[in-house]
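Trainee: build me a structure from this.
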Amino acid sequence: AASDVYKRQAINGRLRELFVVEGDSVQAGDLIATLDDEPLQEALTDAALAYRQAENNLAQAELALENLQNWEPDGALVAQAEANLAAAEASLENAQSQDAVSGYNVTSARVQLEQAQQALVDAQEAYDTAFDPGRDWEQFIDDPSCRTGEQFPNCTGPPYSDVIENEREWAERAIPQAEDQLRIAQANYNLAAAGVNSNSAVSAEASIAGARQALEQALSGPSEEDIAAARLQVEAADLALAQAQINQEKAEKALEDTRLVAPTGGTVLAVDSAPGSLVGSGTPVITLLDLANLHFETNNLSERDLAQITPGQEVALTLKAYPNETVNGRVLRIAPVAEGTIGDAATFTVIIDLEETALALLPGMTGRVEIVSE
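Mentor: Alright, predicted model coming up:
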């Protein structure tokens, strides 16, 4: 008789405890041995901490995105920014009053600078209006345009194509001119500010710029780029959390693998490793006989009888250890290569799958097989 012999192979580690000896019977899931798990316990702790940190990072990223998407001006913050701007402007007026001449020059230059800035903004808006793709059709329309007070079709203005051409030519010239005027105004303003004897006016100007910027930020809210960047942060945090979960599951699996359990019921035939020894993947720890899958092999089937034997045929087995008992089974398969000869006939091995029996069967038992012909 023979059986499938199972050798439990451990992960890399030092064998800490062994709970079975040769001859012990075990059930599937019984604890057989344990490996030293201290490094793996530490690794699992680190992985769990990393997972919790990844959860926190994702929650913070999602909250930041939600705040951007649901942004509304903060009334208190806007009011504070407006008050700061008013205070900065008042400080500038006080500083300018201390030096009337220099203050007047700075004020005049500042007004001209603001006008130049607004002129550039207006020129850019005019350019955007002139080159709006939705107006491209006007280039190809020669119908007269409508003057003020006229209604289509009674229009007497120049053709649409001329109007759009002139408007775009003017818009293209207006921006460089506005930029030049802004540079001149900025230079004049810088000269005027540099001529102030007291640093108080310059400091007040800086305060105004900062207060205006703070007010703009309080009123403008997040841009589309800010929201897109926040979404990317959420996606990155989500991926990091998924990776942290995988790492934690790997750490848990590695720790679980330090508990070597019987994969099936059977009898311990041999103990192959001792506590304290290093074992790795492929190193046998015990040799386990699985009594649930016993089979019997007979190697004297003559080739003359080969054609009469097919898988599934019933078998009656009488073992020398139990001469008055019969063990039933069925032909599982016939080996494809002859094992020897008897006389002038080749012999083949027949593998027989045995049914459950209350008899205590052990590997190596011999007996007589009768195959029932169909």
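Trainee: use CA for all of it now, contacts and neighbours both
Mentor: Noted.
Trainee: in the stretch 101-250 of the chain, where is pLDDT below threshold?
Mentor: Applying pLDDT under 70 to the stretch 101-250 of the chain flags the ranges 101-104, 195-201.
Trainee: do a quick rundown of the strands in it.
Mentor: Taking DSSP state E, counting those that start in this stretch as the criterion, the stretch 101-250 of the chain carries no strands.
Trainee: where does pLDDT dip in the stretch 251-374 of the chain?
Mentor: 291-292, 374.
Trainee: next, count neighbours for the closest residue in space to residue 61 that isn't next to it in sequence.
Mentor: Take residue 61 and drop its neighbours on the chain: the residue closest to it by Cα to Cα, 6 or more residues apart in numbering is residue 234, 5.1 Å away. Counted by other Cα atoms under 10 Å, the residues lying close to residue 234 total 21.
Trainee: so residue 234 sits against residue 58, correct?
Mentor: Yes. The criterion here is Cα atoms under 8 Å, and residue 234 meets it with residue 58 at 6.2 Å.
Trainee: hmm, back to that, I'd like the distance between the residue nearest to residue 61 and residue 356.
Mentor: Separation of residue 234 from residue 356 (Cα to Cα, to the nearest Å) stands at 59 Å.
Trainee: now residue 97
Mentor: For residue 97, the distance to residue 356 - Cα to Cα - is 112 Å.
Trainee: so what's the residue nearest to residue 61 up against?
Mentor: Shown in contact with residue 234 (Cα atoms under 8 Å, 6 or more residues apart in numbering): 58, 61-62, 65.
Trainee: want to try TSV for the residues you listed, with distance to residue 220, pLDDT and neighbour count as columns?
Mentor: Output for the contacts of residue 234, formatted as TSV (distance: Cα to Cα, whole Å; pLDDT from 0 to 100; neighbours: other Cα atoms under 10 Å):
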residue	distance to residue 220	pLDDT	neighbour count
58	27	94	21
61	22	94	21
62	22	94	19
65	17	91	21
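Trainee: tell me the two of those residues that are most distant?
Mentor: 58 and 65 (10.5 Å; Cα to Cα).
Trainee: which secondary structure elements does the helix or strand hosting residue 33 sit against?
Mentor: Element membership for residue 33, per DSSP states H and E: strand 31-35. Packing partners of strand 31-35 (3 or more Cα pairs under 8 Å, 6 or more residues apart in numbering; DSSP states H and E): strand 13-18, strand 259-261.
Trainee: try it again with 10 Å
Mentor: Here strand 31-35 touches strand 13-18, strand 259-261, strand 284-289, going by 3 or more Cα pairs under 10 Å, 6 or more residues apart in numbering; DSSP states H and E.
Trainee: for residue 170, find the nearest of those.
Mentor: Using Cα to Cα, the nearest of these to residue 170 is strand 13-18, at 81.9 Å.
Trainee: state the mean pLDDT of the closest one.
Mentor: Taken as a whole, strand 13-18 has an average pLDDT of 88.
Trainee: neighbouring strands - and their directions - for that strand?
Mentor: Counting by DSSP bridges, the strands paired with strand 13-18 are strand 31-35 (antiparallel), strand 278-279 (antiparallel).
Trainee: got these as TSV, with distance to residue 220 and mean neighbour count columns?
Mentor: Below are those laid out as TSV (distance: least, Cα to Cα, whole Å; neighbours: other Cα atoms under 10 Å):
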stretch	distance to residue 220	mean neighbour count
strand 31-35	62	20
strand 278-279	66	18
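Trainee: weakest of those by average pLDDT?
Mentor: strand 278-279 (a mean of 84).
Trainee: distance to residue 14 added to the strands paired with strand 13-18, as JSON lines?
Mentor: What follows is the strands paired with strand 13-18, written out as JSON lines (distance: least, Cα to Cα, whole Å):
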{"stretch": "strand 31-35", "distance to residue 14": "6"}
{"stretch": "strand 278-279", "distance to residue 14": "4"}
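Trainee: now the longest strand seen in the chain, how far from the centre of its chain.
Mentor: In terms of residue count, the longest strand belonging to the chain (DSSP state E) is strand 322-334. Relative to its chain's centre, strand 322-334 lies at 57 Å (Cα atoms, centre = their mean, to the nearest Å).
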